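Participant: please find the sequence and the predicted model below.
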Amino acid sequence: MRTLRRALRLRSARLSAGVLVVVAVAAVFGHWLAPHDPLAQDSAHVLSGPGAGHLLGTDGLGRDVLSRLVAGTSSSIVATLEAVGTALLVGTALGLGSLWLGRGFEWTSLRFVDSLQTLPYVVFVVAVVGVLGNGLTQSMLAIGLLYSPIFFRVSRAASLTLLRAQYVEAAELFGASLLWILRTHLWSKILPTIAVTAAQAGAECLLAVQSLSFLGIGVQPPAPTWGGMLADDLAFLAQQPWAPFIPALTIMITVAALNAIADAISDSADLPVVDASPTRPGPAQEVPDAAVAVH
């Protein structure tokens, strides 16, 4: 909390937090805030421009764009939270376990994470959806697994510097349990690093979610999503060349706010930098002790 309060002193962090609050309100109350039914079609007002009745115009089926944009926030944010939650749970558990549960678990977790990093992104998601069914939870589970190596590397690197600290060794000598040591001595110290990683992963997962919805994977039409709206608008680009900018700008602003929050927390916590990109070499290449945080 102290790190978060320091971060919010920055103007960029306050502005980004305001954007995320607006997005959160739209995600929770979007169906009540939408001025029209986001699924209602009106053949008399197809591809109409912005006006008093429809502030952002209508799409190719006469549906109100503003209502679909607001209502689509919920599914977009829920999908992102599911993906980040899966990545956080799997990656952090494996990262901490690889240091404390013996050589066998360490070798297995390293090989598992390495194998995840070699999987083609779209092919893996399509394969999971093909086996488990085309649904939001299934596709988010696939995305979360693909992003779990980021949390694995970060949690493992952050804990390496604390593993042989004197107070940790003293706690072990006095018979403290592994869970007590993690909760008391480690978690509070690696939490800022995990928070930065979660914010950055949230931005990347949001882009991944919208990419999949653009392809028709995950949330199924006619349910509104930002990526799905972008795909629909591209079909009528000749009639409304400005229409794709509305969902695209919404995605860009939200992603920028998440990245700005991550940078503010990182600067406030004075964290060193480690590149945790999922496209880079995996955790088999050990991260130096001095490099703990993420960029």
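Facilitator: Arrived safely, thanks for sending.
Participant: please, where are all the helices along the protein?
Facilitator: For the chain, helices defined by DSSP state H occupy the ranges 2-7, 11-33, 65-100, 102-117, 121-132, 136-163, 166-173, 178-181, 187-214, 226-234, 245-269.
Participant: any chance of those in JSON lines, plus mean neighbour count, distance to residue 55 and mean pLDDT?
Facilitator: (Glycine included, C-beta is placed from N, CA and C.) Shown next, in JSON lines, are the helices of the chain (neighbours: other C-beta atoms under 10 Å; distance: least, C-beta to C-beta, whole Å; pLDDT from 0 to 100):
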{"stretch": "helix 2-7", "mean neighbour count": "16", "distance to residue 55": "34", "mean pLDDT": "68"}
{"stretch": "helix 11-33", "mean neighbour count": "16", "distance to residue 55": "13", "mean pLDDT": "87"}
{"stretch": "helix 65-100", "mean neighbour count": "22", "distance to residue 55": "5", "mean pLDDT": "88"}
{"stretch": "helix 102-117", "mean neighbour count": "15", "distance to residue 55": "43", "mean pLDDT": "88"}
{"stretch": "helix 121-132", "mean neighbour count": "15", "distance to residue 55": "35", "mean pLDDT": "79"}
{"stretch": "helix 136-163", "mean neighbour count": "23", "distance to residue 55": "28", "mean pLDDT": "84"}
{"stretch": "helix 166-173", "mean neighbour count": "12", "distance to residue 55": "57", "mean pLDDT": "68"}
{"stretch": "helix 178-181", "mean neighbour count": "12", "distance to residue 55": "53", "mean pLDDT": "68"}
{"stretch": "helix 187-214", "mean neighbour count": "23", "distance to residue 55": "22", "mean pLDDT": "85"}
{"stretch": "helix 226-234", "mean neighbour count": "22", "distance to residue 55": "15", "mean pLDDT": "87"}
{"stretch": "helix 245-269", "mean neighbour count": "20", "distance to residue 55": "11", "mean pLDDT": "86"}
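Participant: among those helices, which is nearest residue 45?
Facilitator: helix 65-100 (11.1 Å; C-beta to C-beta).
Participant: against which helices or strands is the closest one packed?
Facilitator: In this structure, helix 65-100 packs against helix 11-33, helix 102-117, helix 136-163, helix 187-214, helix 226-234, helix 245-269, with contacts taken as 3 or more C-beta pairs under 8 Å, 6 or more residues apart in numbering; DSSP states H and E.
Participant: which one of the helices of the chain lies closest to residue 44?
Facilitator: Residue 44 lies closest, by C-beta to C-beta, to one member of the helices of the chain: helix 65-100, at 15.9 Å.
Participant: now that closest one against helix 226-234, angle please.
Facilitator: Relative orientation of helix 65-100 and helix 226-234, computed by axes from the mean of the first three to the mean of the last three C-alpha atoms, to 10 degrees: 140 degrees.
Participant: picking that back up, adding distance to residue 220, write the helices of the chain out as JSON lines.
Facilitator: Shown next, in JSON lines, are these (distance: least, C-beta to C-beta, whole Å):
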{"stretch": "helix 2-7", "distance to residue 220": "37"}
{"stretch": "helix 11-33", "distance to residue 220": "17"}
{"stretch": "helix 65-100", "distance to residue 220": "10"}
{"stretch": "helix 102-117", "distance to residue 220": "27"}
{"stretch": "helix 121-132", "distance to residue 220": "11"}
{"stretch": "helix 136-163", "distance to residue 220": "9"}
{"stretch": "helix 166-173", "distance to residue 220": "49"}
{"stretch": "helix 178-181", "distance to residue 220": "41"}
{"stretch": "helix 187-214", "distance to residue 220": "9"}
{"stretch": "helix 226-234", "distance to residue 220": "9"}
{"stretch": "helix 245-269", "distance to residue 220": "17"}
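Participant: wait, which of the helices and strands packed on helix 65-100 is closest to residue 170?
Facilitator: Using C-beta to C-beta as the measure, helix 136-163 is the one of the helices and strands packed on helix 65-100 that comes nearest residue 170, at 12.9 Å.
Participant: for the closest one, packing partners?
Facilitator: helix 65-100, helix 102-117, helix 121-132, helix 187-214.
Participant: now those as TSV including distance to residue 57?
Facilitator: Below are the helices and strands packed on helix 136-163 laid out as TSV (distance: least, C-beta to C-beta, whole Å):
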stretch	distance to residue 57
helix 65-100	5
helix 102-117	42
helix 121-132	31
helix 187-214	20
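Participant: got the contact list for the nearest residue to residue 220 once chain neighbours are set aside?
Facilitator: In this structure, residue 220 finds its nearest non-sequential neighbour in residue 134, 6.9 Å apart by C-beta to C-beta, 6 or more residues apart in numbering. Counting by C-beta atoms under 8 Å, 6 or more residues apart in numbering, residue 134 touches 217-218, 220.
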